[in-house]
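[1] Need coordinates for the below:
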Amino acid sequence: MGFLAPWFLAGVAALGIPVYVHLLRHNVRPPRPVSSLMFFERGTQSSTRHRRLKHLLLLTLRCALILLVVLAFANPFLRRSSTSASGRLLLIALDRSFSMRAGTRFADAKQQALALLAAKAPAQKAQIIALGGQVEVLSQPLADQAQLRSAINGISPGDGHGDFGELARVVRSLTEEARTPGDLHVFSDMQRSAMPPNIVDATLPGNIRLFLHAVATAPGSPNWAIQTIEPPVELSDPKNPVRSRVRAVVTGFNTPAASKTVSLIVNGATIATRKVDVPANGRATLEFAPLPVAYGWSRCEVRVEAADGFPADDASLFAVQRSDPQRVLFVHAAGDNRSPLYFSNALDSAAQASYSVQSIVAEQTTDLDPSRYAFVVLSDTATLPSIFEHALAQYVQDGGGVLIALGPSSARSGHIPLWAGGIRTLRQDKADPMTVGQVDFSYPALEQPQPVRDEGGWDETKFLYSAVVAPGPARVAMRLSDGTPLLIDRPMGQGRVVLFASGFDNLTNDLPLHPVFVAFVDRAARYLSGTGEFGGSRLVDSFIQLRSGMQPVGQSTPAEVIDPDGHRPLSLSDARNLQSFRLQRVGFYRVRAANGHDFLIGVNPDRRESDLEPLSPNALALWAGTSGKQPGEAADTLTPGAEKQHVSLWWWMMLLALAATIAETVLASRYMGTQRDEL
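    Down below sits the predicted model:
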């Protein structure tokens, strides 16, 4: 029992008032006529008899009335276990991220979640949430134990990366819809990499209490993993030492210095092994060359013999296609001999794929079929033969890629093939050349994870000439220092047209003289041919594009996806309508896109999951809002079936005070209504 306002108990001192009133009685006698007082003797009579308490029942009622009023204002309450539904929604979040595959983490978490569900009050509603690459709400608020248990049992370990920030966002959306207070119980290994950089992103609403159930509280166990790989996507000559090689990085998490054996496996057969010394908590790089693969797609992997407690991350998968060099059609103006030379040399220097450039003057393209080429480059071509331009437009609609570079000839004509809208104006200044002012490094043809210099090296280039083109409904990936669009990507049907508002020679700019030109040509070639979008290696929960969004839904060729188990996850409707597909599993996916390209993709888990280090107790306490307590303490003492409930006694006190008032009134009327004469 307790009091919500204990300071009101000081009013108990008022109990002295009725006692004082009962003692304050004067010895009053009615006057009587007497002839003389001479025969009366003066004497002192004891007043002890008059100071005795009388009418004890009335006194008791008055004291009880004051005491009950004082207790009512002190607001007493009782603590008792709630045997019925508390009215709070029970949210059970079970972590199914890739790191939960280590040891018995997932089995332990599921067992604890089922135990919590069994302790739930019968009428209390609960909701099941799966935390993984995507946070999935698996049930509506239900009280049925059987359905909730089935939802938990249906959760299996996944391959995605857990994110507590995404969990908090989903919980916030759930509570905003229901506006019901709840208790969120998270069963997880509490991996440090799952917490967002800013803990505010994982903050829950004020009506949600958080209880953490960690299945891995000890420091992360030693774990070695293949952190990154750099394989070729396409390979034409396995003996080429520049392209036919695989570079891998082995990383140790919470590990001592050790020597590890790393193997290269191609189509199930071990091709080569290497010994590598990995420093304590460090990384080591090794290389396999050459890469002997047969024609077609090969399933490859790099595996480290780690002998640790988490073997699921010991391998990294990738796919390589061996084929003859892909043909590239380079169409240029009659007087432009520099552009094809610079472009072909840059493409030959790239190490990711093999291409064979066919250079031809624009007037000689009448009988050419663009569909025979991986992609087409139009360099300073003001006009094209109408037959070829029509065939080129159909080629792009069917999924082809075209790269257009604008030179002086294009500026004089003002017309841009395949582009809706011509050149507005020309900017040319040899005395004060322009530079690159903005680069979108997320664009595939410009992608750089960590640019080493300002604008990734593009800031060193000088543009003497550039054309001003209205981008329209297109993506501007690069701008000059004055804001002029320099690189524009416009989808057309299933394909795309990329416009470069300057030339590929060293007269309109000095870009071909810088190393960034080779990287740009390499990435642009893979992007336009499709090998950069598909094939090679990807991470779980990344998306691949099955078709362009420019074509009406349902009118394109159906796409086809075969998952690592050999199943087709797309329905007939999805195969015709979906624009992108999420890779949810570790393994090899076979994909046939709507444009007819067929690819093999090796999918790997997010390597942040390989770091098994859990969050510190202070971080967990900060997140749970239980500073000064162990993170699991509140969760262990507060279970849904034994939750403490405060029951106020205020109304009972007031009812008893009312009864005492009525009884006191009746007795006071009976005892004090008539004054008795006492001799």
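[2] can we go C-alpha only for contacts and neighbour counts from here?
    Fine.
[3] Find the residue at the geometric middle of the chain.
    residue 166 (4.1 Å; C-alpha atoms, centre = their mean).
[4] And the contacts of whichever strand or helix holds it?
    Using DSSP states H and E, residue 166 falls within helix 164-178. Outside of helix 164-178, the residues within contact range by C-alpha atoms under 8 Å, 6 or more residues apart in numbering are 131, 134-135, 181, 194-196, 199, 201-205.
[5] Tell me the one of those nearest residue 506?
    residue 196 (46.4 Å; C-alpha to C-alpha).
[6] So what's the residue count around the closest one?
    14 (other C-alpha atoms under 10 Å).
[7] I'd like the secondary structure assignment at it, please.
    Three-state assignment for residue 196 (DSSP: H, G, I helix; E, B strand; the rest coil): coil.
[8] I'd guessed it sits against residue 163; true?
    Yes - between residue 196 and residue 163 there is a contact at 7.0 Å, judged by C-alpha atoms under 8 Å.
[9] dump the residue contacts of the nearest residue to residue 310 once chain neighbours are set aside.
    Spatial nearest neighbour of residue 310, chain neighbours left out: residue 102 (5.0 Å); criterion: C-alpha to C-alpha, 6 or more residues apart in numbering. Counting by C-alpha under 8 Å, 6+ apart, residue 102 touches 309-312.
[10] Quick check on residue 102: phi, psi?
    With angles defined as degrees, to the nearest 10, residue 102 sits at phi -70, psi 130.
[11] ok, now residue 577?
    Main-chain torsions, residue 577, degrees, to the nearest 10: phi -120, psi -30.
[12] For it, give its distance to residue 492.
    17 Å (C-alpha to C-alpha, to the nearest Å).
[13] what does residue 545 give?
    With C-alpha to C-alpha as the criterion, residue 545 and residue 492 are 15 Å apart.
[14] The two - which one has more neighbours?
    Counted by other C-alpha under 10 Å, residue 545 and residue 492 do not tie: residue 492 has more neighbours, with 22 against 15.
[15] hey, what's that one bridged with?
    residue 495 (DSSP bridges).
[16] In this structure residue 656 contacts residue 69, no?
    No - using C-alpha under 8 Å, residue 656 is not in contact with residue 69, being 9.1 Å away.
[17] if we can go back for a sec, check the residue nearest to residue 310 and give its pLDDT.
    For residue 102, the pLDDT comes out at 90.
[18] Over to the one 4 residues further on?
    Among the per-residue scores, residue 106 holds a pLDDT of 94.
[19] In terms of helices and strands, where is it?
    Counting by DSSP H and E, residue 106 is found in helix 105-118.
[20] which parts of that helix are buried?
    105-106, 108-110, 112-114, 116-117 (16 or more other C-alpha atoms under 10 Å).
[21] Save the residues you listed as JSON lines, and put in distance to residue 73 too.
    Listed next are the buried residues of helix 105-118 as JSON lines, based on distance: C-alpha to C-alpha, whole Å:
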{"residue": "105", "distance to residue 73": "52"}
{"residue": "106", "distance to residue 73": "52"}
{"residue": "108", "distance to residue 73": "50"}
{"residue": "109", "distance to residue 73": "47"}
{"residue": "110", "distance to residue 73": "48"}
{"residue": "112", "distance to residue 73": "44"}
{"residue": "113", "distance to residue 73": "43"}
{"residue": "114", "distance to residue 73": "44"}
{"residue": "116", "distance to residue 73": "39"}
{"residue": "117", "distance to residue 73": "40"}
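[22] Closest one of these to residue 324?
    Taking C-alpha to C-alpha as the measure, residue 324 lies nearest residue 106 of the buried residues of helix 105-118, at 46.8 Å.
[23] looking at it, the closest one is touching residue 97, isn't it?
    No - using C-alpha under 8 Å, residue 106 is not in contact with residue 97; the gap is 9.1 Å.
[24] what is in contact with the two at once?
    Common contacts of residue 106 and residue 97, defined by C-alpha under 8 Å, 6+ apart, comprise residue 157.
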